[in-house]
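# okay, sequence plus prediction incoming.
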Amino acid sequence: MKNTLAIIFTVIIIGLMAYTLLVGRAFQGGEAGNIIEDMKYIKDTSTHKITNEKQEQKNEDEEKLNTLKDKAGNASTFEVSNEYKGKCASCHGADGSGMQNGKKLMGPQLFGQEEAILYKNLVDFKAGRKENLIMKGLLINLEDEDLKNFAKEIAGFKDKKEALTK
C-alpha cells in the first residue's frame, strides 16, 4: 500500500512539473508577469525623468556660467580679446583689475603687471610649479605662443586705459 501511494504521488508531482513546464514559469506569465513588467516600466520612466531633470539643470548652469563670462568680458572700458574674455575675465575682471561691479573676484589683480612676470606666472601655472587647478586646467592645452599673447595683452591693459583717459 505504501508503495502504491508513493507511485501515485510521484506521478502527480511529475504531471504537475510537466504542466508547469508547458505553461511557463510562475512569474513570467499571467497577472504576476504583468505586474513585474509594469514595475520595470515605472522604474525606467522615473529614471528617465530624473535624467532629464539633471540635464535641464546642467543646461541652466552652463547658461548662467556663459552669461557670467559674457558679462565679465563686456564690462571693460576698453577692448579685450575673446580669448581673454573666455578664459580670464570671469576671475580676473574684464580689465584685469580683479574687480567686477565694485566686488572682488576670485582671481588676483593682473592690471599693471609687466609682461615678463605675467608670462613667467602663466608658464609656472601650466607646469604645476604654482598650484591652482583652475589656472592649470585653463592653460594645459595652450601653446607657449598663446601664453606669450596673453601676457602681452594683459600687460597692455594699463596703456589702453591711459589712452582712454586722455
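Perfect, I can see it now.
# helices of this protein, residue ranges please.
Ranges of helices in the chain, per DSSP state H, are 2-23, 30-74, 82-87, 89-92, 115-127, 133-139, 144-155, 157-165.
# those helices: lowest mean pLDDT?
In terms of mean pLDDT, the lowest-scoring of these is helix 30-74 (a mean of 62).
# nearest the geometric middle of this protein, what residue?
With distances taken as C-alpha atoms, centre = their mean, the chain has Lys58 as the residue nearest its mean C-alpha position (7.3 Å).
# mind listing what it touches?
Contact analysis of Lys58 by C-beta atoms under 8 Å, 6 or more residues apart in numbering lists nothing. Just so you know, the C-beta spots here come from the backbone N, C-alpha and C atoms, and that holds for glycine as well.
# going forward, count from 856.
OK, 856 is where the count begins now, so the last one is Lys913.
# okay, it and Gly941: tell me how far apart.
Lys913 sits 19 Å away from Gly941, going by C-beta to C-beta, to the nearest Å.
# and Leu997, by the same measure?
Spatial separation of Leu997 from Gly941 under the definition C-beta to C-beta is 12 Å.
# which parts of stretch 954-963 are buried?
Going by neighbour count (16 or more other C-beta atoms under 10 Å), the buried part of stretch 954-963 is Met954, Gln955, Leu960, Gly962.
# now stretch 985-1004
Met990, Leu993, Leu994, Leu1002, Asn1004.
# spit out the contact partners of the closest residue to the fourth one other than its chain neighbours.
Spatially, and ignoring its direct neighbours in sequence, Leu1002 is nearest to Leu977 (4.4 Å; C-beta to C-beta, 6 or more residues apart in numbering). When the contact criterion is C-beta under 8 Å, 6+ apart, the partners of Leu977 are Leu994, Leu1002, Phe1005, Ala1006.
# can you tell me how far the closest residue to the third one other than its chain neighbours is from Lys991?
What that stands for is Phe1005. Closest residue in space to Phe1005, ignoring its immediate chain neighbours: Leu977 at 6.1 Å, by C-beta to C-beta, 6+ apart. Leu977 sits 11 Å away from Lys991, taking C-beta to C-beta as the criterion.
# now for those two: what residues contact both?
With C-beta under 8 Å, 6+ apart as the test, Leu977 and Lys991 reach no residue in common.
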